[in-house]
Every structure is written in C-alpha cells, then in structure tokens.
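Asks: I'll drop the sequence and a predicted model, then ask my questions.
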Amino acid sequence: MILFQAEDISVRFGGIRAVDSVSFDVKQGEVFSIIGPNGAGKTTIFNLISRIYSSTSGKLTIDGTDFTRTPAYQIASLGIARTFQNIELFPNATLLQNLLIGRHCHSRVGFLAELGFLPSVRKAELHHREKVEDVIAFLGLQRYRDSLIANLPYGVRKVVELGRALCIEPKLLLLDEPSSGLNVEETEGMGFWIEDIKKDLGITVIMVEHDMALVNQVSDRVMALNYGKVLAMGSPREVQSHPEVVKAYLGGEVAV
Amino acid sequence: MRTLFRTQYRQDIALWKHNGDRFWYGLLAVLVFIAPMVLGEFYIGEMGAVYIFAIAGVGLMLLVGYTGLISLGHAAFLGIGAYVNAVLLKMGVPFLITLPVAGLFTALCGAAIGRPTLRMSGLYLAIATLAFGSIVGTVFQKWESVTGGFDGFAVPTPEIFGFPIEGATGIYYVSLVVLLFVLWVSANLLRSPAGRAMVAIRDSEVSAQSMGIHLARYKTMAFAISAGMTGLAGALFAHYVRYLAPDAFDVLLSVQFVTIVFVGGLGSLRGAILGAMFVRLLPQFIAVVRDDLPFGIGRLPGLEPSLFGLSLVLVILFQPAGLNGMWLKAKVWFQAFPFKRQTSFRRQKSYAKSERLR
C-alpha cells in the first residue's frame, strides 16, 4: 500500500532548480532513504514535504490526501513528523517540555479552559504525559527527563529530537541526517532505533543520510539525487552500483 | 536539601510542588494580608504600587520572557486600561464591570498590534511597538472630549457593592487580589499546551511550526494576554495616581517595564515580581540617600533614569538570570551549605549564553 506520494515536484530559487520534477512514492512500513552529494536537494525535499517551502509545481499526497497547499502548522496533524539536520530543539526548556510540545497537535482543549486549568485540561495533560513517558521508555531517556536541553550532550539531543517527532505519533517520519555529528557507536544505536521504529511502531520512515553503512543497514529502498534530479532508485545495492551514482560521487565525465 | 520522590504524573503539574511551598507561600499571603493593619499609609501606598507594576510586569514577562517578543509600547497599554476604566467610571458604570472591561479592551488592542507585527522580531518589533506607544500617547493628548487633553481629569472613587475603595488600603487590597488572579492565570497558562507553544516559539520558530503550532495564532494570543494584564494594571494605576494626564504614559514608563522584566530575570514569574519591587523601590531609595551623596551627585538631574539604565546594563552583563537567578543561587547556597561548589551554577551560565532575543 502506498502511504506517501510525490508527483513531479519542483522548486526554483531564482535561477536555480533546487528540486527538478522529482517523483517517488513510499510504501506503508518501509524505510526509504534519499542519498546524494552536498547540495543535491535532499533537505529541500524535506522542507517541501513539511511545507516550509512551497513547491513551484507538482503534488504531494499522504494517505490519498493532497497537502500540496496545506499550511506548515497543519502538517503535524496529518501525521508527518520530522527532525532537523542541525537539531532544532527548544534549548531553554526541559526534555519533558520538549516532548510535550511534540504532543501539541493532539491537544484539543479550549483557550479559556487552559487559563483556568479546568479538569478537562488536567486530564488531557496526564494523558499526554503518559504518551510522552512511553516514548521516554522506548528511547531510554529516563535519566534526562528534567534536564534543560542546553545542558545535554549532542548525542542525547539527537535522540531527544527523534523522541519529540515520535510524540506526534506520526504515520510518516522524516529524518534529516540522523547520524550527523554522532560517533560510530551512536550511529549504530541510531540504526537500531530506526529499525525498531519501523518494526515495533509500524512507522514509515523517509531518511536523508550520508552514512552508507547506516543506509544499507536500515533502508528498504534508496533514491539517489544530484542537482535536484533523480539519478537512480531501487534497493541499496542497486543504487550504489548504478553508474550515474558512482559518477556523481567519484566524478568522471559529466553526461549533459 | 530536599529531594522530591515523585510517584504520580500529577505531582509534576501541581502548582505547589511540596508542603514547603505551601507553608512559605501561605505565610507570605498572611503577611501581605495583614500588612495594612501594621504598616503606615505611605508604605501601603508604595506596596500597592509595587503590586500594580508587578501585574504589568507579569504581563510583559509572558510576552518577552516566554514568547521571546519585545515590546516598548506597554506604557500605552497601561494608559489604555487606565483611561477606559476611568472614563467608564465617570459615566457611572460600576467598578466591578469597568475593571474587566478595561482588561478586555486592552487585550483587543494588544491583538490589534500583535497581528500586523507578526513577522517582526527584535529591533524591528521594538521600533514598531515604540511607534504604537507614541501614537496612543498622542491620542490621549488630542482626544480632549474623552481624555480631557493635557489638563486630564480626576479619577472617580470606585465602589464595590456600595463600599467606596478609598485611600491606599483600598487600592492595596484590590491590587493584591488582581495580582493573585493574574499570577494564577499565568501559572495555568504556562503548564498547559498554550504556554508550551509560547516557549517553543521563543526557542525555535521553524520547529514549533513543524510541531503543529500556529505561529500567528499564538503570537497574537501572547500579545493580547500581555496587553490585557497590563490593561488591568492600568485600571488600578488610574486609582493609584487619582488624576489622569497623558504625560504619565510616556516611553520612559515602557522602559521601566522592560527593566522589570530584565532585572527580574527573563522567563520567571517570580522575576516579574522581584523586578517590580526593584523598579518601584529604587526611586524611594534614591530619595532617601540623595542628600547624603558626595560631590553633589544627588542634585544632578536625570540621576534616576541613569541609575535605571546602569542597573539594566549591569544585570545583563553580570547576572543575566536577573534577581530571580540571584534568588535561586542564594537558595542553593543555603541548601548545600557548606558544600557549595564552583560549578553549582553552571546551569545559569549556559542558560545565559543561549539566551536569545531576536
């Protein structure tokens, strides 16, 4: 079953075609990786999906719902969560607060009820807390629960950001370079978590990644990009041995 | 040192974390309640003024300290609240109606200024709100049929169920009740989704948006609540000064409010109250020591504003967590006595470093 579909999406910044008629679809329950050299347009695709950028043309659908023109703040309620390449947590809040903010799209209480902290709000808060605790237990973050993010080491922050995305209870999880800045051991751990997210939580993952070991470990399918265009798509092995991909990474004659 | 053993999630969202909190805040409540029976008229008047400034300070704290938006126009909101309240009272509307109406109307004005400035932050927002403040100030001066222009007018004595609220003691109690209400509302807000959304906007707009937070909605809301609280303070301020004239609501007052927030310590409600105490008591302190200062410093014009500026600079340089930070440090020092370590306060330091006010 196809969960997410991008049809022919393009975006242009001035004269640069950052993403040029890219089409792909992602099946329910798979890990789909996007690879490519720097500046290939990988993160731009993520920003298009999370509607931080608007595509110049094309169509985006999740579960059959067209969200090409949905405002960015409604993307989370569609079940799309993301992490950022350079960690965008809320540094002056505690880990617990950060994860609770991840629950924001599930909060249905009225503003006046919040001002009075009515029983309905209290009940909802306790429910959110239980969900957050599930994520904390899943990722083993118990000991950092009350620490400020600003005081946590980088590796932990990376996991916290993953946790915050999981608090959205997404159908589709976008991971922007989950291994960047992590050491070998932490990268391995990240790989196991991604596998667990896929198997235990049944969440579909789209991942932008440079670390080929991680890509091979977790992905079902891989798409290679260069200059905003799709070079190859298929299993990790197929894509990595594709002549165009080898050329893009290692150089060679450029076929224009 | 107290270590809390938490066994239920609701302990984390309780307003009072433990019985120690309940005891000390209860004691404080009793003390402020019986203060008018013990202290003289002058002190009660000054404490009432501290409460009024603390109400406005809490309002501005929600905007600056929690949402990360700056405003140099809060004197205008104070003025709007004051004039709405006083004008309605003059028309014969009872005080129990004019007070909330003043707050609500000012909140609407806050939303009206919040909406067009959505995309602004930092200096640009400061300038926009500054402009708003001076526009409102001009309206107070020129709209003579309502505000009485430069001459101003005497504020009628408010009545609650037929009992006149007279003198310093009356205003003291009304301000105390409003301050407690405002603190309760703020504490509720901060432990619910809307408060967390404000913090999220302060720390990272782009990821707040990806978490499903409607930036425009929450920024407008923050402005409205902040202005509404300042409007309530304004309504009380009108009774504190007893005679309304437009020159009371100039930019210097706005700067005083910002001083409350920064000196008190960004991102803490306690800081807003400590800051209000500082801002109201500093002029009194200057008045007391003025004659004893050497070299005729005491006779210099502009001594007060320059001391305000100096304290703001010193706090930002050396104590970014403000008076609240000093309070927390002192508490840790006593709790750990005699084992305070050099690294005990690293949290405050790194907090200061990542403090952003774009």
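Replies: Ah, there it is. Residues are numbered from 1 along each chain as shown, chains lettered A, B, ... in the order given.
Asks: low-confidence regions, the stretch 201-350 of chain B specifically.
Replies: By pLDDT under 70, the low-scoring segments of the stretch 201-350 of chain B are B:341-350.
Asks: can you do 80?
Replies: B:290-302, B:336-350 (pLDDT under 80).
Asks: buried residues in stretch B:189-209?
Replies: B:189-205, B:207-209 (16 or more other CB atoms under 10 Å in any protein chain shown). Using the backbone N, CA and C atoms, a C-beta is placed for each residue, glycine as well.
Asks: list the contacts of that stretch.
Replies: A:52, A:72-73, A:84, A:88-93, A:97, A:100-101, A:103-104, A:107, A:109, A:111, A:114-115, A:117, A:121, A:125, B:13, B:62, B:66-68, B:211, B:213, B:215, B:218-219, B:221-222, B:225, B:269, B:356 (CB atoms under 8 Å, 6 or more residues apart in numbering or on different chains).
Asks: rerun at 6 Å
Replies: A:72-73, A:88, A:90-93, A:97, A:100-101, A:104, A:107, A:114, A:121, B:13, B:66-68, B:213, B:215, B:218, B:222 (CB atoms under 6 Å, 6 or more residues apart in numbering or on different chains).
Asks: show the buried residues in these.
Replies: Here, 16+ other CB under 10 Å leaves A:72-73, A:88, A:90-93, A:97, A:100-101, A:104, A:107, A:114, A:121, B:66-68, B:213, B:215, B:218, B:222 buried among the contacts of stretch B:189-209.
Asks: chain A contacts on the stretch 1-150 of chain B?
Replies: B:9, B:13 (CB under 6 Å from any CB of the partner chain).
Asks: go again with 8 Å.
Replies: Within the stretch 1-150 of chain B, the residues that sit near chain A (CB under 8 Å from any CB of the partner chain) are B:9, B:10, B:12, B:13.
Asks: which one of those sits closest to chain A?
Replies: residue B:9 (4.4 Å; CB to the nearest CB).
Asks: name the nearest residue to the closest one, ignoring sequence neighbours.
Replies: Among residues not flanking residue B:9 along the chain, residue A:129 sits closest, at 4.4 Å (CB to CB, 6 or more residues apart in numbering or on different chains).
Asks: count residues in the vicinity of that neighbour, would you?
Replies: When neighbours are counted by other CB atoms under 10 Å in any protein chain shown, residue A:129 registers 20.
Asks: go ahead and list the helix or strand containing it.
Replies: Assigned by DSSP states H and E, residue A:129 belongs to helix A:119-139.
Asks: how far off helix A:119-139 does the following helix or strand past that helix point, in degrees?
Replies: Sequence order places helix A:154-167 as the next helix or strand after helix A:119-139, per DSSP H and E. Helix A:154-167 and helix A:119-139 meet at an angle of 130 degrees, taking axes from the mean of the first three to the mean of the last three CA atoms, to 10 degrees as the criterion.
Asks: list the buried ones in helix A:154-167?
Replies: Neighbour count says helix A:154-167 has A:155-167 buried, by 16+ other CB under 10 Å.
Asks: near chain B, which residues of the stretch 101-250 of chain A?
Replies: Looking at chain B, the residues of the stretch 101-250 of chain A close enough under CB under 8 Å from any CB are A:101-105, A:107, A:109, A:111, A:114-117, A:121-122, A:125-126, A:129-130, A:133, A:148, A:150-151, A:164, A:168.
Asks: and these, which of them are buried?
Replies: A:101-105, A:107, A:109, A:114-115, A:117, A:121-122, A:125, A:129, A:133, A:148, A:150-151, A:164, A:168.
Asks: what about residue 42, how many neighbours?
Replies: Just so you know, I chose chain A. Residue A:42: 26 surrounding residues under other CB under 10 Å.
Asks: you looked at the wrong chain, it should be chain B
Replies: 10.
Asks: and if you look at residue A:236?
Replies: 18.
Asks: does it touch residue A:217 like I think?
Replies: No. Assessed by CB atoms under 8 Å, residue A:236 is found out of contact with residue A:217, at 9.0 Å.
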